[in-house]
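Trainee: kindly generate the corresponding structure for this input.
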Amino acid sequence: MDELKTEITTILTQYLNEDAMSYEVMSVFSERAMLAFKEYRNYPESWDDERILADMNKHKSCIADLALYDCIQQGVEFQSMHIESGLYRMWNNKGNIYTNHRVVPFVTI
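Mentor: So this is what the prediction gives:
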C-alpha cells in the first residue's frame, strides 16, 4: 500500500507543480483517497490484501483523481456553490469520478 500511496502522491505533486514541502500534505490526500476508494469498492471479505492492492493499482488513475478532487477543494470542503465578485463555482459530485472511471462497488447478497 505504501508504494501505491507514494505513486499517487508523486502524481499529485507533479500535476499541481508543488514543491517538496507540500509532499507531506499531498501524501495525506493520497491516503484519504485510497481509504475512500476501499470503502466505496466494498471488497469481499474473501479478498486478501494482495488482491485488494492489485485492484487498487488497476484503478490508480481513479484514486489519483479522488485525491486531486480533495486537494483542489482544500479550504472549501462541502461547498456546493460559491459566488464572489462575479465568479461562480459549483462542484461536481465526487461520485462522478467513480462513474467516469467505470468503478463500481462489489455487492453481496
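
Trainee: where along the protein do the helices fall?
Mentor: Counting by DSSP state H, the chain has helices at residues 2-15, 23-41, 49-58, 60-72, 95-100.

Trainee: what residues does residue 40 make contact with?
Mentor: 98, 103, 105 (Cβ atoms under 8 Å, 6 or more residues apart in numbering). Where you see a C-beta, it was placed from the backbone N, CA and C, and this is true even at glycine.

Trainee: which of the helices of the chain is buried the deepest?
Mentor: Most buried of the helices of the chain by mean neighbour count (mean count of other Cβ atoms under 10 Å) is helix 60-72; its value is a mean of 20.

Trainee: show me where pLDDT drops low in the chain?
Mentor: Along the chain, the model assigns pLDDT under 70 to residues 20-21, 75-80.

Trainee: at 90 what do you get?
Mentor: 1, 11-26, 69-96, 100, 107-109 (pLDDT under 90).

Trainee: center of it, which residue is that?
Mentor: Compute the mean C-alpha point of the chain, and by Cα atoms, centre = their mean the closest residue is residue 66, 2.2 Å away.

Trainee: quick check: the gap between it and residue 82.
Mentor: 21 Å (Cβ to Cβ, to the nearest Å).

Trainee: try residue 45
Mentor: Relative to residue 82, residue 45 is positioned 41 Å away (Cβ to Cβ).

Trainee: which of the two has more neighbours?
Mentor: Neighbour count, other Cβ atoms under 10 Å: between residue 45 and residue 82, residue 82 has more, with 11 against 5.

Trainee: quick check: the spatially closest residue to the more buried one that is not a sequence neighbour vs residue 12, distance?
Mentor: Leaving aside its chain neighbours, residue 82 sits nearest to residue 89 (4.3 Å; criterion: Cβ to Cβ, 6 or more residues apart in numbering). From residue 89 across to residue 12, the span is 21 Å (Cβ to Cβ).

Trainee: which residue packs closest to residue 44, ignoring adjacent ones?
Mentor: residue 106 (5.7 Å).

Trainee: phi first, then psi, for that neighbour.
Mentor: Torsion angles at residue 106 (phi, psi; degrees, to the nearest 10) stand at phi -80, psi 140.

Trainee: you'd agree it is up against residue 43?
Mentor: Yes: Residue 106 is in contact with residue 43 according to Cβ atoms under 8 Å; the separation is 6.2 Å.
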